[in-house]
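>>> can you look at this prediction? I've put the sequence above it.
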Amino acid sequence: MSRLAWRNFVNKVMLSLTAVCTLLTVSTLILILGYLIWNGGKSLNWAFFTQLPKGPGEVGGGMANAIVGTAKLVGLASAIGIPIGFIAGIYLSEFGGVTFPFIIRYVADLLNGVPSIVVGIFAYAIVVLPLKHFSAWAGSVALAVMLIPVVVRNTEQFLQGVPQSLREGALSLGASKWRTIVTVVVPASISGILTGIILGVARIAGETAPLIFTSFGNQFWSSGFNEPTSSLPVMIYNYAISPYDDWHRQAWAAGLVLLALVLVSNILARGILGRGTAANRA
Amino acid sequence: MSSSAAVSPPSATGAKPTFFSRLKGGDQVAYLITLLFASIVLLIAVLIVYVLWQESSLARHKFGFGFFTSQAWDHNEENYGALPFIYGTLLTSFLALLFAVPLGVGAAIFLAELAPPKISNALTFMVELLAAVPSVIYGLLAIFTLVPLMRDYVEPALKSTLGFTPLFTGPAYGVGYLAAGAVLAIMTFPFIISVSREALLDVPREQREAALALGATRWEATWQAVVPFAKLGIMGSIFLGLARALGETMAVTMVIGNVPKISASLLSSGYTIASVIANEFAEASSDIFRESLIFLALVLFLLTIVINGAARLLIIATTRKGSS
């Protein structure tokens, strides 16, 4: 084989290999989705959404309390995490000097990379130990700690994307700085900021590790935020590693519900983001 | 960052005498409020370090550096060591990268260099969705699909072909280091693909065109001119993937077998730092047991901080290089 033919041969082989890599990775997603929808779909029933869990080994029951529990945990975590992250993001983009914002930015990135199980231990130590019992509060604090860095960095990034001329226009009309931020800068970047918040909330909704020893779990309804609270991800974990077939079936159902929740919010959010960036580029 | 400097007069140095006079304008109030919230971020990070350090003091004093070399995990004698967990964490993460790096970088090259933009964007969107799938769902799928597959087909095949090496010996349970590595690979390649693709897309077009004009084939131009240019970004993506693999908890806990023992065979069951915490922390009865687990969390925390820090620096370095 001539040298040129050999080079063309290598070219074809390697380029096809990269295509194979892409095919393998993307087909994984389709397989995951397909298998989960197939298994979850045949396991889902009305009882899953309306009934409490049955005892170990008993057939039937549902995860109504876990669905509500996840909503409570994620809702409270959002109520804590979104304001903190959003306002801190405004500081980084609009008020920052040089050194302190750099530190905050770097720390936020590091917090973002802290393993979720470590965040769980943190929440355990600062909420569960003093209160001496598992609670929705503890779980929400853990989830909020995971949400904050995401919201901070995302808010900052989209505020930075607002053209400087918009700020200068408002300032030159005599608006004070905070009025400029509230009435011009934030509205101009709100779709991107919301996207980031939705993505962040979707991420914490699926977290399991920080909840195992903070909100723990509950066979029954939990009232308020001061009791151990059941959540979908922890239920999936407990049911999947159990030896009971009917619990496996319910784990699939819960997996489908959780994945649908996460993927739908991701697709919706990225839809908003996609329009936002296209408009920015144009 | 630098763009807002032109219109941001208040500096961070609030000297005491002028403190209250500065509060007069609404801007100063807004500044202080946002500063307060930004400080919360810093406070959380400091608190995490403090809590991990403080709550593990018993274990740190009792075991000292011996903790890292000990293989003990004995509740009766209250003797605990970290080595099997550190080994399991590093081994599974290494296996994950072994699968995920070639696949991920290959796919990133295809998406950045070869695929038409529309297809590339659609596929990247799907890959990024993969990154959003919760860990516990990967675990659920792995328990009921990957583990039986490994037990019935992959592991017997490995044993019959490569069984002469110590890596593939012992009974094929399905669960173990290899299964955990495979799940971690699936969980890390979305990160590698999306960050590497960005790095490759940032390579200036001239870099490609010059190589092609010199008569290089498409692959040669990509491999010899484009990939080296994006090398740091690709390295950064691998480090990000590694940091994720090291700290990954649920999926690994569900398939690694949960045995605190070091085995050379990839088919045998093991344990990782994150999974032993997830599995045993809630029922840790004695103080020294609980604090040993928190000590492990501290080790994991420091490990991921170092890897993440390196990843960020590499990614920053490439963006600088690309923009200059």
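On my side now, so go ahead.
>>> which residue packs closest to whichever residue of the stretch 51-200 of chain A sits closest to chain B, ignoring adjacent ones?
Proximity of the stretch 51-200 of chain A to chain B (Cβ to the nearest Cβ) peaks at A:Pro115, 2.7 Å away. Using the backbone N, CA and C atoms, a C-beta is placed for each residue, glycine as well. Closest residue to A:Pro115 apart from its sequence neighbours, by Cβ to Cβ, 6 or more residues apart in numbering or on different chains: B:Gly247 at 2.7 Å.
>>> please look at the one you found and A:Ile117 and confirm they touch.
Yes: at 7.1 Å, B:Gly247 and A:Ile117 qualify as touching, with contact defined as Cβ atoms under 8 Å.
>>> so these two - more neighbours on which side?
A:Ile117 (33 against 27; other Cβ atoms under 10 Å in any protein chain shown).
>>> could you pull up the residues touching that one?
Counting by Cβ atoms under 8 Å, 6 or more residues apart in numbering or on different chains, A:Ile117 touches A:Ala209, A:Pro210, B:Gly247, B:Thr249, B:Ala274, B:Ile277, B:Ala278, B:Ala297, B:Leu300.
>>> distance of the third one from B:Ser135?
Yep, that's B:Gly247 we're talking about. Noted for B:Gly247: a distance of 10 Å to B:Ser135, by Cβ to Cβ, to the nearest Å.
>>> need the residues touching each of those two.
Counting by Cβ under 8 Å, 6+ apart, the contacts common to B:Gly247 and B:Ser135 are A:Ser116.
>>> which stretches in the stretch 51-200 of chain A count as helices?
Counting by DSSP state H, counting those that start in this stretch, the stretch 51-200 of chain A has helices at residues A:64-90, A:99-113, A:116-123, A:129-131, A:136-160, A:164-172, A:177-180, A:186-205.
>>> so what does the following helix or strand past the last one touch, helix or strand wise?
Read that as helix A:186-205. Downstream of helix A:186-205, the first helix or strand assigned by DSSP states H and E is helix A:232-240. Using 3 or more Cβ pairs under 8 Å, 6 or more residues apart in numbering or on different chains; DSSP states H and E, the elements in contact with helix A:232-240 are helix A:64-90, helix A:245-281, helix B:135-141, helix B:250-255.
>>> burial count for the nearest residue to A:Ile87 once chain neighbours are set aside?
Leaving aside its chain neighbours, A:Ile87 sits nearest to B:Phe37 (3.9 Å; criterion: Cβ to Cβ, 6+ apart). Neighbour count for B:Phe37, taken as other Cβ under 10 Å: 20.
>>> pull the distance from the helix or strand that contains B:Phe37 to the chain's centre.
According to DSSP H and E, B:Phe37 maps onto helix B:26-55. Distance, stretch centre to chain centre, for helix B:26-55: 25 Å (Cα atoms, centre = their mean, to the nearest Å).
>>> if you count neighbours, what's buried in the very next helix or strand once past that helix?
Per DSSP H and E, the first helix or strand lying C-terminal to helix B:26-55 is helix B:57-63. Neighbour counts using 16 or more other Cβ atoms under 10 Å in any protein chain shown place B:Leu58, B:Ala59, B:Arg60, B:Lys62, B:Phe63 of helix B:57-63 among the buried residues.
>>> redo those as JSON lines? Include pLDDT and distance to chain A.
Shown next, in JSON lines, are the buried residues of helix B:57-63 (pLDDT from 0 to 100; distance: Cβ to the nearest Cβ, whole Å):
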{"residue": "B:Leu58", "pLDDT": "89", "distance to chain A": "13"}
{"residue": "B:Ala59", "pLDDT": "90", "distance to chain A": "13"}
{"residue": "B:Arg60", "pLDDT": "91", "distance to chain A": "15"}
{"residue": "B:Lys62", "pLDDT": "90", "distance to chain A": "19"}
{"residue": "B:Phe63", "pLDDT": "91", "distance to chain A": "18"}
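>>> report pLDDT for the residue nearest to A:Pro115.
We have a pLDDT of 89 for B:Gly247.
>>> what do you get for the one 4 residues further on?
The pLDDT attached to B:Ala251 in the predicted structure is 92.
>>> ditto for the one 5 residues further on
Looking at B:Ile256, its pLDDT reads 92.
>>> list the contacts of it.
B:Ile256 makes contacts with B:Gly88, B:Thr92, B:Val175, B:Gly176, B:Tyr177, B:Ala179, B:Ala180, B:Ser269, B:Gly270, B:Tyr271, B:Thr272, B:Ser275, as judged by Cβ under 8 Å, 6+ apart.
>>> count the neighbours of the fifth one for me.
Looking back up the chat, that one is B:Tyr177. B:Tyr177: 28 neighbours (other Cβ under 10 Å).
>>> look up the closest residue to it, ignoring the ones flanking it.
Among residues not flanking B:Tyr177 along the chain, B:Leu266 sits closest, at 4.8 Å (Cβ to Cβ, 6+ apart).
>>> find the nearest non-adjacent residue to B:Leu141, please.
What sits nearest to B:Leu141 in space, not counting adjacent residues and going by Cβ to Cβ, 6+ apart, is A:Ile32, at 6.1 Å.
>>> what residues are up against that neighbour?
Contacts of A:Ile32 (Cβ under 8 Å, 6+ apart): B:Leu130, B:Val133, B:Ile137, B:Tyr138, B:Leu141.
>>> dump the residues you listed to TSV, plus pLDDT.
Below are the contacts of A:Ile32 laid out as TSV (pLDDT from 0 to 100):
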residue	pLDDT
B:Leu130	84
B:Val133	90
B:Ile137	93
B:Tyr138	93
B:Leu141	92
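>>> okay, those in CSV with neighbour count next?
CSV is the format used below for those (neighbours: other Cβ atoms under 10 Å in any protein chain shown):
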residue, neighbour count
B:Leu130, 21
B:Val133, 25
B:Ile137, 26
B:Tyr138, 24
B:Leu141, 25
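>>> of those residues, closest to A:Ile84?
B:Val133 (26.7 Å; Cβ to Cβ).
>>> so the closest one makes contact with A:Val262?
Yes: using Cβ under 8 Å, B:Val133 makes contact with A:Val262 at a distance of 6.9 Å.
>>> joint contacts of those two?
With Cβ under 8 Å, 6+ apart as the test, B:Val133 and A:Val262 both reach A:Gly206.
>>> B:Ala245: how many residues sit nearby?
Neighbours of B:Ala245 under the rule other Cβ under 10 Å: 29.
>>> skipping its backbone neighbours, what lies nearest it in space?
Take B:Ala245 and drop its neighbours on the chain: the residue closest to it by Cβ to Cβ, 6+ apart is B:Ser93, 4.1 Å away.
>>> ok, and for whichever strand or helix holds that neighbour, which residues are buried?
Under the criterion of DSSP H and E, B:Ser93 resides in helix B:83-109. Neighbour counts over helix B:83-109 (16+ other Cβ under 10 Å) mark B:83-93, B:95-97, B:99-101, B:103-109 as buried.
>>> ditto for stretch A:252-270
Of all the residues in stretch A:252-270, those buried under the rule 16+ other Cβ under 10 Å are A:252-259, A:261-263, A:265-266, A:269-270.
>>> could you pick out which of those residues are near chain B?
Among the buried residues of stretch A:252-270, the ones lying near chain B by Cβ under 8 Å from any Cβ of the partner chain are A:Trp252, A:Gly255, A:Leu258, A:Leu259, A:Val262, A:Leu263, A:Asn266, A:Arg270.
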